[in-house]
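**Student:** 3D model of this:
(chains A and B)
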Amino acid sequence: MSTLEIKDLHVSIEGKNILKGVNLTMKTGEIHAIMGPNGTGKSTLSEAIMGHPAYKVTKGEVLLNGENILDLPVDERARAGLFLAMQYPAEIPGVTNAEFIRGAINARRPEDDAISIKNFLKQLDETMSVLDMTEEMADRYLNEGFSGGEKKRNEILQLMMIKPKFAILDEIDSGLDIDALKVVSRGVNKMRGPEFGSLIITHYQRLLNYIVPDVVHVMMGGRIVEQGGPELAKRLEDEGYAGIRDELGLDIKLVDEDA
Amino acid sequence: MIICDWQTALEQHSDLVQKYFMQKAVKYDEDLLTAQHVANLTSGLFVYVPKNTVVKEPLTTYFVQDATTKADYVHHVIIVTEKNSEFSYLENLTTVGSEKTTANIIVEVIAGVDSHVKFASVDRLGTNTTTYLNRRGHLEDNAKIDWSMGMMNDGNIVGDFDSDLVGNGSHSEVKVVAISTGKQVQGIDTRVTNIGRHTIGHILQHGVILSRSTLTFNGIGHIIKGAKGSDAQQESRVLMLSTKAKGDANPILLIDDNDVTAGHAASVGRVNQEQLYYLMSRGLPKKVAERLVIRGFLGPVLAAIPSKKIEEQLKVTIERKLVDGQTDE
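**Tutor:** Sure thing, here's the model as predicted:
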């Protein structure tokens, strides 16, 4: 079992403070969801954990099994067991999807113990069929010319092939129709188990009907303001974020709220 | 068909040598470098493809510049393709030894009427070899030359890659990939001159610079007055991997006729940080991620190379040059 602890995390981007003390602890075997209104720092949290260079951690720690990972470069964090399914995955021409995924798997193995091509292709075929992906997707250049839905599936494909300890899914549901949402959820649910934990970031409760979380966190104004079980997500869907803000007596302006 | 070394060409085909050697493509009295070339010429290759001859398999040559002693390398290649012939060629230039030397290399391709030449090269001259490399095509009516050149040298070099589109309807496609590493300086002038009517000259060159190296691409599209219906296009791009490296991409269009089309694109830019971040977020070390981004950047040029085999060979050479270049940093 592994643990991921976020302690009093403060993050700024271009000099603007976005996260103002986030605390969260999770273990493998658990699925956590973070919900919150637009502009509240959900994506900032995921990018800061992964190590995007534009996000500056000004205070706090992120511990993976007790070790602070904030001094590690992005690739070492990944090899330590973190994965971020991105909202806007980059397109890399000239590098095929299959070649890239194999490279990512081999980056985690000793040099003299690379995964055999046969073994790799078998796993890739099986995983792609779980995600209803056509075979030609393996030979296309990484994300190049992929539709929004194809990119999201491809993120989950990589997740399932790489098998990280903790996966952060940053709005994996955005831009997906209901069928694609089911497919993506099927992939994530297949990963569920004692060696896998996931932090799911979403605006909407809808995704959480398909991937039922163990814990729901509500984020507002750069902090986690409320925690609960799956029923908390349902309540948010009914009452909106303004309801919970007012109940907690928070002085936070919601981006989408009329002045 | 004739394929022979320089000495044999002089002895047995002196009429052809006299007709073509620095007469049509490069002139012996153009400048000091061409004059020195004639004066000091020591080795070379002569290829003559008679009319209506189609050579299916590419001729592959390996020229080794000897830098085990301080001798300068002066080397000449002539390829003549007569009317309606087809020929493809792959040239490999390498160095043995590490003495400080110079190389003066001229390649002339004289493409006769309706002939088609595919010219490819992978150049890997050594760190201590300072090189002048001139490859020039002389194209007659409806002739075509496809140039694909991989500039993977480790020393300082000036490359002049020129196509004179003399005959009506002649066509030159020039693809160059170049990688500069260490403290190396590479200057590459690629010129197409549209002289005949309805001629086409296209230049596509992409380069990568590492460490403290320099790479300059000059793209020259020159349309002479009277070359009606001609087309000159060029694209030069340089990708910087190091803030201490210097890159230039200069588009030069010289248009002396109205009834023509011409265009250019040029850029010098840094590696896309979002691409690097994405690749690294999957566990790939930074240097591996950089090489993948570079491969994508060079992709459009590599994909345009007419031979799959040469494309593959060039990819391997690029990977090796990049790995070596990255360890210098």
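**Student:** Mind exporting the C-alpha coordinates of the helix or strand bottoming out on mean pLDDT in chain B to PDB?
**Tutor:** Ranked by mean pLDDT, DSSP states H and E, the weakest helix or strand in chain B is helix B:308-327, scoring a mean of 88. The C-alpha trace of helix B:308-327 is given here as PDB (Å, rounded to 0.1, in the frame of the first residue of the first chain):
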ATOM      1  CA  LYS B 308      12.300   4.700 -47.100                       C
ATOM      2  CA  LYS B 309      15.700   3.100 -46.700                       C
ATOM      3  CA  ILE B 310      17.500   6.400 -46.700                       C
ATOM      4  CA  GLU B 311      15.000   7.900 -44.300                       C
ATOM      5  CA  GLU B 312      15.600   5.000 -41.900                       C
ATOM      6  CA  GLN B 313      19.400   5.300 -42.200                       C
ATOM      7  CA  LEU B 314      19.200   9.100 -41.600                       C
ATOM      8  CA  LYS B 315      17.000   8.600 -38.500                       C
ATOM      9  CA  VAL B 316      19.600   6.300 -37.000                       C
ATOM     10  CA  THR B 317      22.400   8.800 -37.700                       C
ATOM     11  CA  ILE B 318      20.300  11.600 -36.300                       C
ATOM     12  CA  GLU B 319      19.700   9.700 -33.100                       C
ATOM     13  CA  ARG B 320      23.400   8.900 -32.700                       C
ATOM     14  CA  LYS B 321      24.400  12.600 -33.400                       C
ATOM     15  CA  LEU B 322      21.900  13.800 -30.900                       C
ATOM     16  CA  VAL B 323      22.900  11.300 -28.200                       C
ATOM     17  CA  ASP B 324      26.600  12.300 -28.700                       C
ATOM     18  CA  GLY B 325      25.600  16.000 -28.700                       C
ATOM     19  CA  GLN B 326      23.600  15.700 -25.500                       C
ATOM     20  CA  THR B 327      26.400  14.200 -23.600                       C
END
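**Student:** do it and chain A meet?
**Tutor:** No - Helix B:308-327 is not in contact with chain A by CB under 8 Å from any CB of the partner chain; minimum separation 9.7 Å. C-betas here are computed from N, CA, C, even on glycine.
**Student:** Run through who's touching that helix.
**Tutor:** With contacts defined as CB atoms under 8 Å, 6 or more residues apart in numbering or on different chains, helix B:308-327 is touched by B:58, B:90, B:120, B:122, B:124, B:148, B:150, B:152, B:154, B:177, B:179, B:181-182, B:208, B:210-211, B:287, B:290-291, B:294-295, B:298, B:302-303, B:305.
**Student:** so of those, which ones are in strands?
**Tutor:** Of these, the ones assigned to strands by DSSP state E are B:90, B:120, B:122, B:124, B:148, B:150, B:177, B:179, B:208.
**Student:** Give the bridge partners for the second one, please.
**Tutor:** Taking DSSP bridges as the rule, residue B:120 bridges to residue B:90, residue B:148.
**Student:** Around chain B, which positions in the stretch 51-200 of chain A sit nearby?
**Tutor:** The stretch 51-200 of chain A comes close to chain B at residues A:51-53, A:73-75, A:77-79, A:83-84, A:86, A:89-95, A:100, A:103-104, A:107-108, A:141, A:158, A:162, as judged by CB under 8 Å from any CB.
**Student:** on that earlier part again, may I see the PyMOL selection of the buried members of the contacts of helix B:308-327?
**Tutor:** To isolate the buried ones among the contacts of helix B:308-327 in PyMOL, judged by 16 or more other CB atoms under 10 Å in any protein chain shown, type:
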select buried, chain B and resi 58+90+120+122+124+148+150+152+154+177+179+181+208+210+211+290+291+294+295+298+302+305
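**Student:** Please list all residues in contact with residue B:260.
**Tutor:** Residues near residue B:260 by CB under 8 Å, 6+ apart: B:194, B:223, B:227, B:228, B:229, B:230, B:231, B:232.
**Student:** For the residues you listed, give me JSON lines that also has neighbour count.
**Tutor:** Listed next are the contacts of residue B:260 as JSON lines, based on neighbours: other CB atoms under 10 Å in any protein chain shown:
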{"residue": "B:194", "neighbour count": "31"}
{"residue": "B:223", "neighbour count": "27"}
{"residue": "B:227", "neighbour count": "25"}
{"residue": "B:228", "neighbour count": "16"}
{"residue": "B:229", "neighbour count": "16"}
{"residue": "B:230", "neighbour count": "29"}
{"residue": "B:231", "neighbour count": "19"}
{"residue": "B:232", "neighbour count": "28"}
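**Student:** Identify, from the residues you listed, the entry nearest to residue B:215.
**Tutor:** Ranked by distance to residue B:215 (CB to CB), the contacts of residue B:260 are led by residue B:232 at 22.5 Å.
**Student:** Which strand residues bridge the residue lying closest to residue A:28 once chain neighbours are set aside?
**Tutor:** Using CB to CB, 6 or more residues apart in numbering or on different chains and skipping the chain neighbours, the partner closest in space to residue A:28 is residue A:197 (4.3 Å). Taking DSSP bridges as the rule, residue A:197 bridges to residue A:166.
**Student:** Would you check that residue A:197 makes contact with residue A:27?
**Tutor:** Yes - assessed by CB atoms under 8 Å, residue A:197 is found in contact with residue A:27 at 6.2 Å.
**Student:** Identify the contacts common to the two.
**Tutor:** The overlap between the contact sets of residue A:197 and residue A:27 (CB under 8 Å, 6+ apart) consists of A:2, A:4.
**Student:** neighbour-wise, which of these two wins?
**Tutor:** It is residue A:197, of residue A:197 and residue A:27, that has more neighbours when counted by other CB atoms under 10 Å in any protein chain shown, with 26 against 16.
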